[in-house]
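[1] only geometry, no sequence info:
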């Protein structure tokens, strides 16, 4: 090996999507609208925070505090109140003494951030309802139910200390605990044989028929008629395709939120679109699937709306969270909250949901169609409107989903995280850091322990091509090689293989045979087989070809 090659080898040693179109009203995928909607279009201020920034800024708005009875209660942080008051008092008015509409909405929004927090609880009949957070005592313990075919045992653990750990330490602790929930392969496992063109229906029937302990068994997925041994890659593809179908608004189970960032929320009209007899069973299936993805540490290609994440964790949800479901409803509600002359709007205590293009009136309270909204009762109206959208319209569906989710991953274990941490745990990092990718990649050379000059060239060319890619193309390359389109919350150092163990991304050079120049993936092992190319241009051509192709399916190779 030449001295220049040795120097370059040293440098190498140092560096050790899913999308779905928005469903229109004809599909039935719209939110229940209030009986008003202001048509005035708002100009978004240049310094307006994005939804992601808003969610991040409110992470510390509530804190779980221990009580003398050994339980915990949620307390809104006083600093948040003071900051909101200071911001509100500092608002400037226009020369005529009136706030601009954008400032008016912003001020009202800050008021709404101080609204009462609610937590979903079960009532005496087992239904989900919202109770004010300051009267709800929660148990901050993790109860592990170890299930097998003969029975179960329980271990109780206090999460107080773990909850305060830095996020990377939480992830490590969580990973250890969920591995304890796995049932070993030799004690029994499940094989899921599904037809690719009937993926959703076949998967639903198989998973719905499982007993609770089988959800923690190891699964082996087989696409009917395709000769593949599932060492994890097939299961990753199954998860990706299944989530895409299940969360497609056209199916009727979930809807896309209305606003800047796309996420998914429960379809209040799922009973009419899927069928009253079947829709709750599908929500149970969805809960089991999300739980299994968390248990197996498979990243989800879909993002749940912030109120959805809060319901999963059982943390307070407040009026301002309505904007994460529908900007239009939220902004209209803010106007109703502050407008002086409300009677001309002709509002009553109803909301409207659209199913198959037809509006349907829903009463927010008993006899709501006959109750006009006035200045005196508008707080009650807005409270009812908020409760309808964040829970009342979807309570049965949410209960089915949560019950099934907790059958796989205990609720107490998920309480370890806040909602932003849970999003990272479930979906991973939204963009790919090439430097982090480089740092946690290994190369295997074709014939020697040391690379040839041409192999060193290929390494440099490969990373230059990856750096020049758009993020969405990097995502497709990662999915081609590993079966997952997202990077774990810990970054590439947390990339796992099918057995749940950390396995670094690795590139194996496959020789200089010019008769076959396509890269080849071994998704079960996070490995990319790369031919040794004679030029950067040829390497770039073939790497870009694989990210442009819709490559699905597995063979014995």
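    Great, that's in hand. Because the structure is a prediction, the values reported are computed rather than measured.
[2] rest of the way, CA atoms for contacts and neighbours
    OK.
[3] what stretches of the stretch 401-550 of the chain score poorly on pLDDT?
    Residue ranges of the stretch 401-550 of the chain with pLDDT under 70: 498-500, 514-515, 550.
[4] Could you pull out the helices in it for me?
    With DSSP state H, counting those that start in this stretch as the definition, the stretch 401-550 of the chain shows helices at residue ranges 411-414, 419-427, 434-439, 453-468, 471-482, 536-548.
[5] can you put these in a markdown table and add mean neighbour count and distance to residue 77?
    Supplementary listing: the helices of the stretch 401-550 of the chain in a markdown table, determined by neighbours: other Cα atoms under 10 Å; distance: least, Cα to Cα, whole Å:
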| stretch | mean neighbour count | distance to residue 77 |
| --- | --- | --- |
| helix 411-414 | 20 | 22 |
| helix 419-427 | 20 | 17 |
| helix 434-439 | 16 | 36 |
| helix 453-468 | 16 | 43 |
| helix 471-482 | 21 | 38 |
| helix 536-548 | 16 | 47 |
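[6] And for stretch 309-318, what's in contact with it?
    Defining contact as Cα atoms under 8 Å, 6 or more residues apart in numbering, one finds that stretch 309-318 is touched by 62, 74, 113, 115-120, 133, 307, 402, 411, 414-415, 417-419, 422-423.
[7] Which ones among the residues you listed map onto strands?
    Cross-referencing those against strands under DSSP state E gives 62, 74, 118, 119, 120.
[8] Relative to residue 324, which of the helices of the stretch 401-550 of the chain is closest?
    The closest approach between residue 324 and any of those, judged by Cα to Cα, belongs to helix 419-427 at 13.1 Å.
[9] ok now that closest one, how far from the chain's centre?
    For helix 419-427, the distance from its own C-alpha centre to the chain's C-alpha centre is 7 Å (Cα atoms, centre = their mean, to the nearest Å).
[10] And for stretch 315-330?
    Here stretch 315-330 shows a centroid-to-chain-centroid distance of 17 Å under the convention Cα atoms, centre = their mean.
[11] and what of stretch 535-555?
    28 Å.
[12] what residues does it touch?
    The contact list for stretch 535-555, computed with Cα under 8 Å, 6+ apart, reads 226-228, 234, 237, 458, 461-462, 465, 473-474, 476-477, 480, 517-519, 533.
[13] same thing with stretch 69-80?
    The set of residues that contact stretch 69-80 without belonging to it, under Cα under 8 Å, 6+ apart, is 60-67, 133-140, 315-316.
[14] ok, now which ones touch residue 467?
    Listed by Cα under 8 Å, 6+ apart, the contact set of residue 467 reads residue 434.
[15] nearest residue to the residue nearest the centre of the chain other than its sequence neighbours?
    The residue lying closest to the centre of the chain (Cα atoms, centre = their mean) is residue 303, at 3.1 Å. The spatial neighbour of residue 303 that comes closest, neighbours along the chain excluded (Cα to Cα, 6 or more residues apart in numbering), is residue 263 at 4.9 Å.
[16] Can you give me the neighbour number for the one you found?
    For residue 263, the count of nearby residues is 21 (other Cα atoms under 10 Å).
[17] just to revisit the earlier point, just the buried residues of the contacts of stretch 309-318.
    Burial of the contacts of stretch 309-318 was assessed by neighbour count (16 or more other Cα atoms under 10 Å); the buried members are 62, 74, 113, 116-120, 133, 307, 402, 411, 414-415, 417-419, 422-423.
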